[in-house]
Structures are given as C-alpha cells and as structure tokens.
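S.K.: Take this sequence and fold it.
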Amino acid sequence: MLVFLHPYKFTKFHFIRYELDFLEKKLNDKFEIHDLSKIVNPTWSKAFKSKKYEKVKSFNSIKEWEVYFKNLSKKNKKLITYNLLDINSFNSLIIQIKLKKYCKKIIRNDDPGIPNFEVEFKKSFNWNVFKIKIIKILKNPKSLLFFLKRKFLILFLKIVNFDKIIFLYHGKKINFFSYLKSKKKIFINIHTPDYSRLIYLKNKKPKLKKPIGIFLDGPGPYFQNDWDLFQNKINYDVQKWYKDLNEFLLKLEDLYSCKILIIPHPKAKGLKNPYYSKKLRVCHDLDAVHKHIPQSKFVISIAGSTAVALACACKIPSVLIYNNQLQTLNPRFLNEIIFLSKQFGSSLININKSYDNYLKPVNKKNCEKILYNYLTSKSISNKKNYQIFNKILKL
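M.R.: The predicted structure is shown next:
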C-alpha cells in the first residue's frame, strides 16, 4: 500500500506531476492520496485555485488523520508513505512524529531540480542579497517570525529518527538535502517530474499551424503568489503589469514571426486571467509545457519556473524577464531571476526598457551541464519515473 501525504491542496496538476496516472493503473486500490492542507497549511489552500483531484482523501484534524492512518497501517503491514510534507508548521512536525510510529518505510524527495539560489547564497556570501533580506525583515517582521519558527521546527525534527527512508534525488545530487534522520538510508536517482513527463510525451507533439514561442507565467500579481502567503504582500500596479507584459509579448510575435503561447502557473490552471490580451493564446493543458516546449522557438519566463530547465534540456533559447515594478518593489525575487539567468545561460531583459537583442545563442555545453547536474542522469536516460518508482516500492 502506497500513501501520498500532501501539504497543499491536491489538484489534477499534482496528480499528473507525480505520474500517478501511471501508478494508479499498476497499484489499483493499493494507493491513496492524503490531502493534509487543512491541517498543516490551512491559509495556503486559497492560493491553489485549480480544481481539486476527485479521489483524494481530505482530513480536518490531526486526530482524524491519525485514527485513519493507524487503522490503515494495521491492515497493511508493508505500508509505504511518500512523505511530501514541508516543515512550516507545528502540525506538520506532529504528523512527522506520528508517521514514525505507524510507518516503517518512507520515501522523500527534497531536491528542487534546478540551481538553488539559497544554496549558492550560503556557499558564497553576497552583501547585496543580505542587505535586501534585512530590509525585508524590517518592513515585515512577520517574515522573521516565520523564519525563526521554521528553524526551531527543523532543529526539533532532528530528534525523530525514522527506521528507513528512501531519498530521491536528481542529476548529481548537487541540491540534495534533508531535514529527516533515518537509521537506514537508500539513495535513488530519478528524473525531475517535468523531465520524466517530457520523455513520455516526446512522440506526442501537437501539430502546429505556425511557429510558437512559450511564455511561462507566475501566479501573481493577479492570482495570489508565494510572497502573499508569507504575509509579504506587494502592492503592484496590476493593470500596468499586464499592459507592459502584453505589449512585450505581442512585440515578440512580430519580431520572430510566431505565435506566443501563454502557459499559466500550475496554481492558476483552468482559471481565466482577464488582463491577458485577447490577441494572445492561453493554454491550460496540464501537459502544456511538456508538449509545447520541444516545438518552440524560445521560452520566456517571469517566474524562474522549473520548466525553464526544460528549454535547456531541449537546447532551446530561453529569456528571463522582469519589469520596473519588480526591480523596485521586490529586489529579492529579482536576484533569484538574475541568478537563474546566469545558470541557464538565458537572456535577461527588463521589458520596460528598449532592447533589441532578445535571444542569446544556445550554449550546448551549458545545456548538457544543467541537464545532468539537475534534471536527470545518463544511467536512467531510457526509463520513466513511474518505472523507477515501481522498483522503489519493492525495496
């Protein structure tokens, strides 16, 4: 029996992301998803606007979940838990402690699958980044309280020693970390979810009437984003934000004789953003990035999306963009975009300034580096994640 513990509202996008559509066929009734968002992150669910997956089991309290999970463990002696919980709340910590009591075998994946800004910042101290963090704390003391609470939770979690954890990682384990301790550790190399899906759909490319360019949007500022969730709401001029964005994308259509395809952030899949120009096409397909990026002339992002790494994998030019509002109101996030542009070899453009040279030539050596450092490994190049996962379940 395999149980997924999920800390946020579990949507159809998550079902596809973890390739559960494949695992479901293999495991049949020996498979459950536990949505614990109401317990561990009750205020965050509103950020996930897309539809909830129908077959998920939701719980309203730790007690309710514990009673159910305890009975489940008694019926299934070989119970395996894919523990996706974050370490953001005391309730999450309590569930981790109870999980050790009822489950002997845990699967965990804490590898982000792209170059990590925080990891690099710790390796080489950057005064400007540190200064921005201090200013952020002074403007919003709640962010400091959240930081201190999380540090305490991580420290306390070290007393929990699980029996067996299977740690999943991508590429060369550059970004691998874990807050969980275990008596027995097993490390398994696996593709990032996006890359595994890309492999599966490589022969299912849609027919195009005209060349396309991809724009990967973030959830904000129209929809709620992560900055809002951390009580750090930024008052962007939403109308101007999208007016500038629409003008930039339409300019690219003319410049490169293509059709720009907007792929909304997963949190906003299936929802209408009234600020997008009606001249632009929006695609809400759950597999949009995997189907369309391999066919695109270029990929643009304003969110530092993990899907930008797929452009590297496909050796397609990528462009990371920002605007004057982001530069003034959210320099912390701009630093992350600048960092990723250097790592990916992407063009970096302020759309509020005149700029003609949008695309850099693709550096194939750098693309290979990104691919095998962060996304996958040559040793698993012919396998899909669900195939690897089937073997993991037998360990």
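S.K.: Surely Asn76 and Met1 touch.
M.R.: Yes. Contact criterion Cβ atoms under 8 Å: Asn76 and Met1 qualify, at 3.8 Å. Every C-beta, even on glycine, is put in place using the N, C-alpha and C of the backbone.
S.K.: Looking at the two, which is more packed in?
M.R.: Neighbours were counted for Asn76 and for Met1 using other Cβ atoms under 10 Å; Met1 has more, 17 against 14.
S.K.: separation between that one and Tyr102?
M.R.: 12 Å (Cβ to Cβ, to the nearest Å).
S.K.: between these two, what contacts are shared?
M.R.: Residues touching both Met1 and Tyr102 (Cβ atoms under 8 Å, 6 or more residues apart in numbering) are Leu79.
S.K.: sorry, back to before: any shared contact partners between Asn76 and Met1?
M.R.: The contact lists of Asn76 and Met1 share Lys30, where a contact means Cβ under 8 Å, 6+ apart.
S.K.: Residues contacting the longest helix belonging to the chain, please?
M.R.: With DSSP state H applied, the helix covering the greatest number of residues in the chain is identified as helix 238-256. Helix 238-256 is contacted from outside by 211, 213, 215, 221-222, 258-260, 262, 273, 275-277, 279-280, 297-298, 300, 302, 321, 323, 325, 351-352, 358, using Cβ under 8 Å, 6+ apart.
S.K.: cool, stretch 30-41 as well?
M.R.: 1-10, 15, 20, 23-24, 44-45, 52-53, 55-62, 65, 69, 72, 76, 85-86, 88-89, 91-92, 95.
S.K.: Which of these fall in strands?
M.R.: Leu2, Val3, Phe4, Leu5, His6, Lys57, Ser58 (DSSP state E).
S.K.: In PyMOL, how would I select the buried members of the residues you listed?
M.R.: Selection of the buried residues among those in PyMOL, burial being defined by 16 or more other Cβ atoms under 10 Å:
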select buried, resi 2+3+4+5+6+58
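S.K.: Take the ones in strands among the contacts of stretch 30-41 and write them to CSV, including pLDDT.
M.R.: Shown next, in CSV, are the ones in strands among the contacts of stretch 30-41 (pLDDT from 0 to 100):
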residue, pLDDT
Leu2, 89
Val3, 93
Phe4, 92
Leu5, 94
His6, 92
Lys57, 93
Ser58, 93
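S.K.: Same list (the ones in strands among the contacts of stretch 30-41) but as JSON lines, adding distance to Asn335.
M.R.: Compiled in JSON lines, the ones in strands among the contacts of stretch 30-41 are given as follows (distance: Cβ to Cβ, whole Å):
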{"residue": "Leu2", "distance to Asn335": "39"}
{"residue": "Val3", "distance to Asn335": "38"}
{"residue": "Phe4", "distance to Asn335": "33"}
{"residue": "Leu5", "distance to Asn335": "32"}
{"residue": "His6", "distance to Asn335": "30"}
{"residue": "Lys57", "distance to Asn335": "40"}
{"residue": "Ser58", "distance to Asn335": "37"}
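S.K.: what about the stretch 201-350 of the chain, any weak spots by pLDDT?
M.R.: Scanning the stretch 201-350 of the chain for pLDDT under 70 picks out 225-232, 304.
S.K.: in it, which spans are helices?
M.R.: Here the stretch 201-350 of the chain has its helices, by DSSP state H, counting those that start in this stretch, at 226-229, 238-256, 288-292, 308-313, 324-329, 331-344.
S.K.: so which of these gets nearest Thr81?
M.R.: helix 226-229 (25.4 Å; Cβ to Cβ).
S.K.: what's the most buried one of the helices of the stretch 201-350 of the chain?
M.R.: Compared across these, helix 308-313 shows the largest average neighbour count, a mean of 26 (mean count of other Cβ atoms under 10 Å).
S.K.: For it, which helices and strands make contact with it?
M.R.: In terms of contacts (3 or more Cβ pairs under 8 Å, 6 or more residues apart in numbering; DSSP states H and E), helix 308-313 is packed against helix 193-200, strand 299-301, strand 318-322, helix 331-344, helix 364-370.
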